[in-house]
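A.B. asks: Just need the structure, nothing else, for what follows:
(2 chains)
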There are 2 protein chains.
Amino acid sequence: MMPGDLPRGVVLLSGDELLDGRTRDTNGAFLSAELAREGVRVVRLMVVPDDMGLLVGALEEAVALDPAVIVLSGGLGTTHDDLTASAVAEATGRVLEEDAEALEMVARRTREVAGRRQLDYDWVFARTRRQALLPRGARPIPPVGVAPGIALRHGRARIYALPGVPSELHAMWSWVRGELAAAGVLTGVVSRIVRIFGVGELQVGEIVDAAPRGLVDVAVNVGGGEVAVRLRHARTESAQAEADALVGALEAGVPVFSSDGRTVDELLADVLRAGRATVAVAESCTGGLLGGRLTALPGSSDYFLGGVVAYANEVKTAALGVDAALLARHGAVSPEVAAAMAEGARRVVGATFGLSTTGVAGPAGGSGDKPVGLVFVGCAGPGGTRTVRERFPGDRQSVREWAVARALHLLREELTTGTPASGR
Amino acid sequence: MMPGDLPRGVVLLSGDELLDGRTRDTNGAFLSAELAREGVRVVRLMVVPDDMGLLVGALEEAVALDPAVIVLSGGLGTTHDDLTASAVAEATGRVLEEDAEALEMVARRTREVAGRRQLDYDWVFARTRRQALLPRGARPIPPVGVAPGIALRHGRARIYALPGVPSELHAMWSWVRGELAAAGVLTGVVSRIVRIFGVGELQVGEIVDAAPRGLVDVAVNVGGGEVAVRLRHARTESAQAEADALVGALEAGVPVFSSDGRTVDELLADVLRAGRATVAVAESCTGGLLGGRLTALPGSSDYFLGGVVAYANEVKTAALGVDAALLARHGAVSPEVAAAMAEGARRVVGATFGLSTTGVAGPAGGSGDKPVGLVFVGCAGPGGTRTVRERFPGDRQSVREWAVARALHLLREELTTGTPASGR
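C.D. replies: Numbering: from 1, shown residues only, chains lettered A, B, ... in the order given. As a prediction, this is how the structure comes out:
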């Protein structure tokens, strides 16, 4: 089964705020990933403004792509620019009418919201009642907020409209996934991701291009200093063998750190838990983002204790015990200070490992020998302290994200191999 | 000039990795925001897999939307799934041919990359040379990485293809913007964003719906506890008056904290700088994200000093001086501990203000009286210490993001009004 044989999916998001920089979308990525994982090939993701003509046009194009599933997000709220129900009705040639089941759902949820926010029920219900209008023949999806979702068959396509609020969307997606699974749309494929750190896309692409690949869909992607190779294939022995061969070629040729799907974050969590080891951070240029990432996984308190955000040099000295003379001699952005910070975090917090970052994130503050993008990361542990010098590309945000990733990989190297990757 | 009169733009991203959950797109949001700010109405953002048929189909639909500008991102690399140049050629009925100027650019950049990565020039150039293939009649856009961009006129539309690597895209977008400005495509509109904290979308929508709005395009959006109302209109006196009236109505009816475009982050930066005040953090459930956000703006070292990530209770005690008996009596997630953490951060770091977070981010760890989503934030300053109790919705990531936002707004309230918002 090649990608062309998978059922097709289209994701359609509506909202001016997604197109003018106010809101960074997460729903499109979530829905696409969920569909892909369940064996649906997402052939198009579209974002359109809150405009009836543009929304209906996009829906018509979505239908023309002959998908098994169309998932919409957004436009189910109570304001003048919430048009999704009307647009679905128009694009599928149906009238909009109040649905008794949906009305009951809206009334019940309105009562709860009005109670919680101490607002008058009738005042709120006058504004939320329109959320019970559905295209004829549609069924309401039980709401998590106030607005019910919409489920509708249209020819071969199953159309689902969900709210744009991410937490509501995530919860209501479970209902949709259940229905799709019951209907046999979610056939499932085997997906594998091979993650590589220490070489670039060129070296990885060389191996991918040389491998026989008739049965496996392969994609190569770079980000945060890592190269990810994704393989997707049917559940057949021949496809499995082809995929195994490619994974083997990658493991032999480039520094693969994960071929079982785990991210570097998940891998660190597992290894630290298994070894009953703990981590502390000492962050300068990343300002807390390293700690934020180390605590992004549930249960991270098993191995992450805390640390110090030492943005000002005085904090490096007072809270981490970095020698003021060392700072004066080498400057804050130096391997010596990175090492002293990592050791300070380890000592102050009482952790097995201390991880540090210090660098020039920019855009200002660079100099001839300390240019923007120069970052030192350090790792102090039972076996000693190691620092790595890096020169990261891109803007302030990019440099900080790379620095966080490099620190995680430095710890991974210490934990799993004891030896560094051969550079970036 | 209403939205329908603005020149139209379409953004088209290609990449399997954007549709299977590997990569969260930032380029679409960036390009849409840039175009919107320059007075281009983005009527469609599309993301498609690395598949020639789907890519060409999406391009043809983009052209059919009659845009003045089409910006593509991604698919200019060196691997087998980099198809953008071919797809643009096919969709516009042109042949692909090696461009002399592009070849010179690729050769020069390849030499630099090969030198930096210590790879053989000929080996690399054999792989990068295809990046000099452009549709006939196109011009190369000077590269930041190795791949040149593509600039092409097609009927009324100007088509630009840029690399998918964000830092390359950002830099090369400047070239595109310069050309669009010179061609008179970027006419400019007046955009204003009114930001509100402390009430929900319903109360804001009520005011927006009641206001006369013939000349101003208005959109209401919620996120991170804030409601944002965006106004866009032509540079005419009558439209300006209508916009002023709506802003006035909002300021009179709901807690507006910014109507000049500044985010809460920018507002805090300005007020802290003006008052020569400094901030320190003490983070538990946010694990460093608050410090990360406070250091996201360039120059944040003017007012942000650092702080402590106190994920484990032992760190709260040892590094922040939170009384162990207080922790035992009230638990880590309590107003008493939030207050002691904020005061500890202020004292230990020597800052004007200390900001703290402690809560149950979930999914595990909740209990009857301390449910998932319960967060206390604290602010200690010269006038004393204040804590706020919140119950945030959504998943772990959502709770942590809300907690960061609430802490920023607590500091803002202390700095600008001395009084709290009336709840969420």
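A.B. asks: give the contact list for the closest residue to A:Thr187 other than its chain neighbours.
C.D. replies: Computed as Cβ to Cβ, 6 or more residues apart in numbering or on different chains, the closest residue to A:Thr187 that is not its neighbour in sequence is A:Gly39, at 4.6 Å. C-beta: built from backbone N, CA, C; applies to glycine. Counting by Cβ atoms under 8 Å, 6 or more residues apart in numbering or on different chains, A:Gly39 touches A:6-7, A:186-189.
A.B. asks: Got the phi and psi for A:Gly39?
C.D. replies: A:Gly39 adopts backbone torsions of phi 90, psi 20, taken as degrees, to the nearest 10.
A.B. asks: Tell me how far it lies from B:Leu289.
C.D. replies: According to Cβ to Cβ, to the nearest Å, A:Gly39 stands 34 Å off from B:Leu289.
A.B. asks: Give me every residue in the stretch 51-200 of chain A lying close to chain B.
C.D. replies: A:51, A:54, A:57-58, A:61, A:65, A:77-81, A:117, A:119, A:124, A:127, A:165-167, A:170, A:191, A:193, A:200 (Cβ under 8 Å from any Cβ of the partner chain).
A.B. asks: Make sure A:Ala181 is indeed in a strand.
C.D. replies: No. According to DSSP: H, G, I helix; E, B strand; the rest coil, A:Ala181 belongs to no strand; its state is helix.
A.B. asks: And A:Gly224, how far from A:Glu104?
C.D. replies: Distance, A:Gly224 to A:Glu104, using Cβ to Cβ: 47 Å.
A.B. asks: show me where the stretch 251-400 of chain A has helices.
C.D. replies: Along the stretch 251-400 of chain A, counting by DSSP state H, counting those that start in this stretch, helices occupy A:264-274, A:289-294, A:313-320, A:324-330, A:335-349, A:396-416.
A.B. asks: Quick one: closest of these to chain B.
C.D. replies: Across these, chain B has its closest neighbour in helix A:289-294 (2.8 Å, Cβ to the nearest Cβ).
A.B. asks: For that closest one, name the packing helices and strands.
C.D. replies: Where contact means 3 or more Cβ pairs under 8 Å, 6 or more residues apart in numbering or on different chains; DSSP states H and E, helix A:289-294 is packed against helix A:264-274, strand A:279-283, strand A:304-310, helix A:396-416, helix B:289-294.
A.B. asks: Tell me which other helices or strands the longest one touches.
C.D. replies: Spelled out, it's helix A:396-416. Secondary-structure packing of helix A:396-416 (3+ Cβ pairs under 8 Å, 6+ apart): strand A:256-258, helix A:264-274, helix A:289-294, strand A:353-359, strand A:374-381, strand A:384-391.
A.B. asks: Distance from the chain centre to that helix, please.
C.D. replies: Centroid displacement of helix A:396-416 relative to its chain, using Cα atoms, centre = their mean, to the nearest Å, is 17 Å.
A.B. asks: and what of the first one?
C.D. replies: For helix A:264-274, the gap between its own C-alpha mean and the chain's C-alpha mean amounts to 18 Å (Cα atoms, centre = their mean).
A.B. asks: What are the buried residues along that helix?
C.D. replies: A:264-265, A:267-269, A:271-272 (16 or more other Cβ atoms under 10 Å in any protein chain shown).
A.B. asks: In PDB, list the C-alpha atoms belonging to that helix.
C.D. replies: Only the C-alpha atoms of helix A:264-274 are listed here, as PDB (Å, rounded to 0.1, in the frame of the first residue of the first chain):
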ATOM      1  CA  VAL A 264      15.400  13.200  22.500                       C
ATOM      2  CA  ASP A 265      13.100  14.500  25.300                       C
ATOM      3  CA  GLU A 266      11.500  11.100  25.700                       C
ATOM      4  CA  LEU A 267      14.800   9.300  25.500                       C
ATOM      5  CA  LEU A 268      16.300  11.400  28.200                       C
ATOM      6  CA  ALA A 269      13.300  10.800  30.400                       C
ATOM      7  CA  ASP A 270      13.600   7.100  30.100                       C
ATOM      8  CA  VAL A 271      17.300   6.900  30.600                       C
ATOM      9  CA  LEU A 272      17.200   9.300  33.600                       C
ATOM     10  CA  ARG A 273      14.400   7.400  35.200                       C
ATOM     11  CA  ALA A 274      16.100   4.100  34.700                       C
END
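A.B. asks: Which neighbouring elements make contact with that helix?
C.D. replies: Using 3+ Cβ pairs under 8 Å, 6+ apart, helix A:264-274 sits against strand A:256-258, helix A:289-294, helix A:396-416.
A.B. asks: Include mean pLDDT when you put these into JSON lines, please.
C.D. replies: Converted to JSON lines, the helices and strands packed on helix A:264-274 look like this (pLDDT from 0 to 100):
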{"stretch": "strand A:256-258", "mean pLDDT": "96"}
{"stretch": "helix A:289-294", "mean pLDDT": "98"}
{"stretch": "helix A:396-416", "mean pLDDT": "94"}
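A.B. asks: Need the winner for burial among those.
C.D. replies: Comparing the helices and strands packed on helix A:264-274 by mean neighbour count (mean count of other Cβ atoms under 10 Å in any protein chain shown), helix A:289-294 comes out on top with a mean of 29.
A.B. asks: which outside residues touch it?
C.D. replies: Taking Cβ under 8 Å, 6+ apart as the rule, helix A:289-294 contacts A:265, A:268, A:279, A:281, A:283, A:300, A:304, A:306-307, A:309, A:355, A:357, A:400-401, A:403-404, A:407-408, B:283, B:286-289, B:291-292, B:309, B:311, B:400.
A.B. asks: for stretch A:128-141, same thing?
C.D. replies: Here stretch A:128-141 has contacts from A:76-78, A:85-86, A:88-89, A:92, A:94-99, A:101-103, A:105-106, A:109-110, A:146-153, A:160, A:162, A:172, A:175-176, using Cβ under 8 Å, 6+ apart.
A.B. asks: Got a quick ChimeraX command for the buried subset of those residues?
C.D. replies: Filtering these down to the buried ones (16+ other Cβ under 10 Å) takes a single ChimeraX command:
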select /A:76,77,78,85,86,88,89,92,94,96,99,102,103,105,106,109,110,146,147,148,149,150,151,152,160,162,172,175,176
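A.B. asks: if I look at A:Gln203, how far off is chain B?
C.D. replies: Distance, A:Gln203 to chain B, by Cβ to the nearest Cβ, to the nearest Å: 8 Å.
A.B. asks: Model confidence for that residue, exactly?
C.D. replies: With respect to pLDDT, A:Gln203 has a value of 90.
A.B. asks: and it, that one's in a strand?
C.D. replies: No. With three-state DSSP as the criterion, A:Gln203 is located in helix rather than a strand.
A.B. asks: Excluding chain neighbours, give the residue nearest to the closest residue to chain B within the stretch 101-250 of chain A in space.
C.D. replies: Nearest residue of the stretch 101-250 of chain A to chain B, counting by Cβ to the nearest Cβ: A:Ser167, 3.2 Å away. Of all residues not flanking A:Ser167 in the chain, B:Gly394 sits nearest, at 3.2 Å (Cβ to Cβ, 6+ apart).
A.B. asks: Report whether the expected contact of the one you found with A:Pro166 is present.
C.D. replies: Yes. At 6.7 Å, B:Gly394 counts as touching A:Pro166 under the criterion of Cβ atoms under 8 Å.
A.B. asks: from what I can see A:Glu201 touches B:Thr79, true?
C.D. replies: Yes. Contact criterion Cβ under 8 Å: A:Glu201 and B:Thr79 qualify, at 6.7 Å.
A.B. asks: okay, and the common contacts of the two?
C.D. replies: Joint contacts of A:Glu201 and B:Thr79 (Cβ under 8 Å, 6+ apart) are A:Val220.
A.B. asks: Please tell me how far the most far-flung residue of chain A relative to its centre sits from A:Thr317.
C.D. replies: Going by Cα atoms, centre = their mean, the residue of chain A most distant from its centre is A:Ala325, 42.0 Å out. Between A:Ala325 and A:Thr317 the computed distance is 10 Å (Cβ to Cβ).
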